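S.K.: coordinates only, no sequence provided:
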């Protein structure tokens, strides 16, 4: 199995600027969609997706209405405690504090609150991903990785109460962000074997293969993602077709580089296609 991406490609040959821009823009939109469910229609223009978006809005409204005075008075730990002396990390912590506290209070009053568990997992994952590449010191990296570990803990608690392929995808992406690429690939390979019709597993597996410069397996996974999502209800078809076109356009640009040269890779992993986007009713 290839090594996990850590640093920039050495030498003159790197992923094309166009490819980075395409993936980068997509990653930004996905990051926003994880915390702003109203952006979900970006990934799907079908009636099914619109219905899912309505379910999300309804769920969010119900979540807000379910907040009681008791929840408001519940004592929880300050999620911004221990933030390193880094202005960007402090800003990210302040941006996420209210959302985290809101759902922590709900969870304190009801440990089996699935919506609270899922929202905490999502918020910590998004927060951790943004923080990972805003710090430079070992302390800042450890702090950011700790946020993603918290996301994993909330996802585990959710899965203990309710099985969800979408949340399993999120956990795999968390492993990837933490540098455990082999573990993430193994998780998604198992998922695609057990649930070959679930496009999000294939889409993210393709992304991981692409980041390892395994173009053959990446193309195969992306094609299966597109085939499993013919009406683009999950947004996987659009994403997969974009990546297939990008890989084919790149042609053999990496074919004469050694494995070591290829796997110098990037300082920041791509964000992937969140499984939650297609399963908003789970909120």
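M.R.: Yes, it's here. All figures in this text were calculated on a predicted structure; none of them were measured in a lab. Numbering: from 1, shown residues only.

S.K.: which residues sit against stretch 138-146?
M.R.: 82, 83, 84, 86, 89, 128, 131, 132, 134, 135, 178 (CB atoms under 8 Å, 6 or more residues apart in numbering). (Glycine included, C-beta is placed from N, CA and C.)

S.K.: which of those sits closest to residue 192?
M.R.: Distance ranking of those against residue 192, using CB to CB, places residue 178 first at 21.3 Å.

S.K.: which parts of the chain are strands?
M.R.: Using DSSP state E, no strands are found in the chain.

S.K.: related to what we said a few turns ago, which among the contacts of stretch 138-146 count as buried?
M.R.: Listed as buried from these are 83, 84, 86, 89, 128, 131, 132, 135, 178; burial here means 16 or more other CB atoms under 10 Å.

S.K.: dump those into TSV; add distance to residue 189 as well.
M.R.: Listed next are the buried ones among the contacts of stretch 138-146 as TSV, based on distance: CB to CB, whole Å:
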residue	distance to residue 189
83	36
84	36
86	36
89	34
128	24
131	29
132	24
135	31
178	18
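
S.K.: any weak-confidence spans in the chain?
M.R.: For the chain, the stretches with pLDDT under 70 are 1-73, 252-271, 275-283.

S.K.: circling back to that earlier point, give me the subset of the buried ones among the contacts of stretch 138-146 that lies in helices.
M.R.: 89, 128, 131, 132 (DSSP state H).

S.K.: and of the residues you listed, the nearest to residue 274?
M.R.: Of all these, residue 128 has the smallest distance to residue 274: 13.7 Å, by CB to CB.

S.K.: distance of that closest one from residue 119?
M.R.: 15 Å (CB to CB, to the nearest Å).

S.K.: surely residue 77 meets residue 104?
M.R.: Yes: the pair formed by residue 77 and residue 104 meets the contact definition of CB atoms under 8 Å, at 7.5 Å.
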